[in-house]
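**Student:** only geometry, no sequence info:
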């Protein structure tokens, strides 16, 4: 993964990952923000060692997903429960290409 992550630096601001167990938002690293959008509701799978230090949001008990609203130079990310309730919200800004 390090090679892929290195290749994204300076070319992306947001990394979307999928998983079937939880919702996560990590602290920015190397100018990249990573979110994990999963179905949620599966707390029996342990978080990877060391990940708690960089997590800014995690929900492992509520089924849901990520909602992205994209506009020029900005992405609004909401982690949303299946009921529609917003569990977490963050914004990533970037310079438009071209």
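**Tutor:** Now that the structure is in, tell me what you want to look at. Keep in mind the model is a prediction, meaning the values are calculated, not measured. Numbers count the residues shown, from 1 in each chain.

**Student:** Around residue 30, how many other residues sit close by?
**Tutor:** 9 (other C-beta atoms under 10 Å). Heads up, the C-betas are built off the backbone N, CA and C, glycines and all.

**Student:** no wait, residue 89
**Tutor:** By other C-beta under 10 Å, the residues close to residue 89 number 13.

**Student:** residues in contact with it?
**Tutor:** Taking C-beta atoms under 8 Å, 6 or more residues apart in numbering, we find residue 89 in contact with 76-79.

**Student:** The host helix or strand of residue 80 packs against which elements?
**Tutor:** Element membership for residue 80, per DSSP states H and E: strand 74-81. Judged by 3 or more C-beta pairs under 8 Å, 6 or more residues apart in numbering; DSSP states H and E, strand 74-81 is in contact with strand 23-26, strand 33-38, strand 64-71, strand 86-93.

**Student:** repeat that for 7 Å
**Tutor:** In terms of contacts (3 or more C-beta pairs under 7 Å, 6 or more residues apart in numbering; DSSP states H and E), strand 74-81 is packed against strand 64-71, strand 86-93.

**Student:** what sits opposite the spatially most central residue of the chain in the beta ladder?
**Tutor:** With distances taken as C-alpha atoms, centre = their mean, the chain has residue 35 as the residue nearest its mean C-alpha position (1.0 Å). Taking DSSP bridges, one obtains residue 16, residue 25 as the residues bridged to residue 35.

**Student:** Quickly note the distance from it to residue 1.
**Tutor:** Distance, residue 35 to residue 1, by C-beta to C-beta, to the nearest Å: 16 Å.

**Student:** Understood, closing this out.
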